[in-house]
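**Student:** Build me a model:
(one chain, ligands or ions: 2)
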Amino acid sequence: MSTVSMTEIVDALREAREAHIEKLKDWLRIPSVSTDSTRKDEVRRAGEFIRDELVDAGFAVRLDETPGHPVALGKWDGAPGAPTLLVYGHYDVQPPEPLELWRHGAFEPTVEGENLIARGATDDKGQALALVLGIGEVLRRRGSLPVNVTFLIEGEEEIGSPNLEPYIREHADELKADIALISDCSQFGPGLPAITVGLKGLCYLQIDLTGPNRDLHSGSFGGAVDNPANVLATMISRLKDDDGRVLIPGFYDKVRELTDEDRAAIRALPFSEEEFARDLEVDALHGEKGYGTLERKWARPTLDVNGLLSGWTGEGAKTVLPSRAMAKFSMRLVADQHPDEIAEMTKAFLRELCPPTCTMEISIDHGAEPVLVDPTNPWLAVASRAVERGFGKAPVMIREGGSIPVVSVLKQVLGIDTILLGLGLPDDNAHSPNEKFHLPDYQRGIETAAWLLEEMAGS
Ligand code: BES
Ligand code: ZN
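**Tutor:** Ligands and ions are numbered 1, 2, ... in the order given. All right, here's what the predicted structure looks like:
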């Protein structure tokens, strides 16, 4: 048994508060936008940063190459017979655009009051670093951990983790664990920590429509030649009905319905639709008829246009009948929908909808499987106790509408469930301008990570 107590470790973590904030700022200054091919070197630098941090803490670390961005793998396995925790995080971030809406440079981390503002602050550098620092401090102080820990920190989450499944299959032996831990989501609200037991899946498509072989004068040709922009708008309008139901045949076939208990548990959470609408400055909310806002956000599949492009979008008017039109749209899926099956159904339906006046190309961007963790998994109770110590309050069980592709891969390939322990807040502006991380939650997250090892060893 180590002589360094948890009290001493927590004290040390509190003394290091400022240093930990500076460390996070250093990481956030690296613009690791995984989707931007001109920033490949910066993405790698962000991977090297976390590799060095793991080395410093005393883990055996490699930065493994993949066909895309590298994976940082850190291991400490000096507790034979004790359980193994696999900690996942991602060091890549979303593009910062639109830049003009940021109050400070997206990659110039700035503290405003209790928040740190920068791209990646909450998603996911702040949350991932909290776990590395909390667990790292235990190893630094004691020279050992009460359980085995493996870190898997990748650089391609925001582009759908295209190379991670083959990586995990190839390194399945090294990655073997009893349970995974991911902090890449949020608490239910300020002062209301949560463990997430459901994530949505994703099926992302792009349609390219071509009409006439060139842009045309809309007076000379309008009415005689079909307009791909009009066609695209009509096609999109046929994907959902007025009640917000998706009209793709077969779309709902595998949807697992909420049970009465699920609905009661959701209703028991403190949530105000009015406040939610007020924060977004909309006069009315919208969604599938027959369901409440949280039910739609967490447990009902959705379809949304993510991007539209056609014709003249510059200043003033140009009377043109465009030759081409493009839409990107995605469907968020719930258990037990499967992204490949949904993609096939959607393609077939789009082919039916497309008139002979246009040619259509459909491409599939990326996908992720939905996730439902068994809420009675005993590791969740262990994690709840750690949250109670770190946050001073027991977590509620929630679901989220976002996707984390690795979670279903961990289940399928390694056979393990994941504790989704969100340190962020719902208004952190992930993927938006002025992304932030609430620094007191950074601290609580760091301490919770240290406590989790203790709780795991004692269970
Ligand atoms: N951190 C998010 C996932 C998330 C968002 C969880 C909101 C819970 C609530 C993650 O980095 C992310 O944005 N994932 C992508 C995955 C996609 C590219 C396959 C997403 O959900 O859009
Ligand atoms: Zn993320």
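
**Student:** residues contacting the closest residue to ligand 1 within the stretch 251-400 of the chain?
**Tutor:** For the stretch 251-400 of the chain and ligand 1, the shortest gap (Cβ to the nearest ligand atom) falls at residue 400, measuring 3.6 Å. In this view, the C-beta of every residue, glycine as well, is placed from N, C-alpha and C. By Cβ atoms under 8 Å, 6 or more residues apart in numbering, the contact list for residue 400 reads 185-186, 196, 198-200, 297-298, 420, 422.

**Student:** Would you mind measuring from it to residue 7?
**Tutor:** Separation of residue 400 from residue 7 (Cβ to Cβ, to the nearest Å) stands at 34 Å.

**Student:** Tell me which stretches of the stretch 151-300 of the chain form strands.
**Tutor:** If DSSP state E, counting those that start in this stretch is used as the criterion, the strands of the stretch 151-300 of the chain fall at 179-182, 194-199, 201-210, 216-217.

**Student:** wait, which of these is closest to ligand 2?
**Tutor:** strand 179-182 (9.1 Å; Cβ to the ion).

**Student:** Does whatever residue of the stretch 301-450 of the chain ends up closest to ligand 1 belong to a helix, a strand or coil?
**Tutor:** Closest residue of the stretch 301-450 of the chain to ligand 1, Cβ to the nearest ligand atom: residue 402 (2.2 Å). Here residue 402 is coil, with the state taken from DSSP: H, G, I helix; E, B strand; the rest coil.

**Student:** Tell me, how many residues neighbour it?
**Tutor:** 18 (other Cβ atoms under 10 Å).

**Student:** can you tell me which residues contact it?
**Tutor:** Residue 402 sits in contact with 185, 199-200, where contact means Cβ under 8 Å, 6+ apart.

**Student:** Up against ligand 1, what does the stretch 201-350 of the chain have?
**Tutor:** Residues of the stretch 201-350 of the chain found near ligand 1 (Cβ under 6 Å from any ligand atom) are residue 202.

**Student:** and with 8 Å instead?
**Tutor:** Counting by Cβ under 8 Å from any ligand atom, the positions of the stretch 201-350 of the chain adjacent to ligand 1 are 202, 204, 330.

**Student:** The first one and residue 303, how far apart?
**Tutor:** Applying Cβ to Cβ, the value for residue 202 to residue 303 is 11 Å.

**Student:** Find residues that contact each of these two.
**Tutor:** Common neighbours of residue 202 and residue 303 (Cβ under 8 Å, 6+ apart) are 330-331.

**Student:** how about the helices in the stretch 51-200 of the chain?
**Tutor:** 126-142, 164-170, 172-175 (DSSP state H, counting those that start in this stretch).

**Student:** right, and these - which one's nearest ligand 2?
**Tutor:** The nearest among these, by Cβ to the ion, is helix 126-142 at 7.9 Å.

**Student:** picking that back up, adding distance to ligand 2, pLDDT and neighbour count, write the residues of the stretch 201-350 of the chain next to ligand 1 out as a markdown table.
**Tutor:** Formatted as a markdown table, those follow (distance: Cβ to the ion, whole Å; pLDDT from 0 to 100; neighbours: other Cβ atoms under 10 Å):
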| residue | distance to ligand 2 | pLDDT | neighbour count |
| --- | --- | --- | --- |
| 202 | 13 | 97 | 22 |
| 204 | 16 | 97 | 20 |
| 330 | 16 | 97 | 20 |
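
**Student:** Check the gap between the closest residue in space to residue 290 that isn't next to it in sequence and residue 287 for me.
**Tutor:** Leaving out its chain neighbours, the residue that sits closest to residue 290 by Cβ to Cβ, 6 or more residues apart in numbering is residue 243, at 8.0 Å. Residue 243 sits 10 Å away from residue 287, going by Cβ to Cβ.

**Student:** Residue 416 too?
**Tutor:** For residue 416, the distance to residue 287 - Cβ to Cβ - is 33 Å.

**Student:** circling back: which of the helices of the stretch 51-200 of the chain is buried the deepest?
**Tutor:** helix 126-142 (a mean of 24; mean count of other Cβ atoms under 10 Å).

**Student:** what residues does the stretch 101-250 of the chain put near ligand 2?
**Tutor:** 123-124, 184 (Cβ under 5 Å from the ion).

**Student:** about what we covered before: looking only at neighbour counts, state which of residue 243 and residue 287 leads.
**Tutor:** Neighbours were counted for residue 243 and for residue 287 using other Cβ under 10 Å; residue 287 has more, 15 against 9.

**Student:** how close does the residue nearest to that one when sequence neighbours are not counted get to ligand 2?
**Tutor:** What sits nearest to residue 287 in space, not counting adjacent residues and going by Cβ to Cβ, 6+ apart, is residue 296, at 4.0 Å. Distance, residue 296 to ligand 2, by Cβ to the ion, to the nearest Å: 22 Å.

**Student:** Then residue 109?
**Tutor:** Per Cβ to the ion, residue 109 is found 17 Å from ligand 2.

**Student:** I'd say that residue and residue 29 touch.
**Tutor:** Yes: contact criterion Cβ atoms under 8 Å: residue 109 and residue 29 qualify, at 6.5 Å.

**Student:** what touches both of these two?
**Tutor:** Counting by Cβ under 8 Å, 6+ apart, the residues touching both residue 109 and residue 29 are residue 118.

**Student:** got the CA positions of the longest helix seen in the chain in PDB?
**Tutor:** For the chain, the helix that runs over the most residues, judged by DSSP state H, is helix 439-458. The C-alpha coordinates for helix 439-458 follow below in PDB (Å, rounded to 0.1, in the frame of the first residue of the first chain):
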ATOM      1  CA  LEU A 439     -12.700  25.900 -15.000                       C
ATOM      2  CA  PRO A 440     -14.200  24.800 -11.700                       C
ATOM      3  CA  ASP A 441     -15.500  21.800 -13.600                       C
ATOM      4  CA  TYR A 442     -12.000  21.200 -15.000                       C
ATOM      5  CA  GLN A 443     -10.800  21.000 -11.400                       C
ATOM      6  CA  ARG A 444     -13.600  18.800 -10.300                       C
ATOM      7  CA  GLY A 445     -13.000  16.500 -13.300                       C
ATOM      8  CA  ILE A 446      -9.300  16.200 -12.500                       C
ATOM      9  CA  GLU A 447     -10.100  15.200  -8.900                       C
ATOM     10  CA  THR A 448     -12.900  12.800 -10.000                       C
ATOM     11  CA  ALA A 449     -10.400  11.000 -12.200                       C
ATOM     12  CA  ALA A 450      -8.100  10.400  -9.300                       C
ATOM     13  CA  TRP A 451     -11.000   9.300  -7.100                       C
ATOM     14  CA  LEU A 452     -12.200   6.900  -9.800                       C
ATOM     15  CA  LEU A 453      -9.100   4.700  -9.500                       C
ATOM     16  CA  GLU A 454      -9.600   4.600  -5.800                       C
ATOM     17  CA  GLU A 455     -13.200   3.600  -6.100                       C
ATOM     18  CA  MET A 456     -12.400   1.000  -8.800                       C
ATOM     19  CA  ALA A 457      -9.700  -0.600  -6.600                       C
ATOM     20  CA  GLY A 458     -12.100  -0.800  -3.600                       C
END
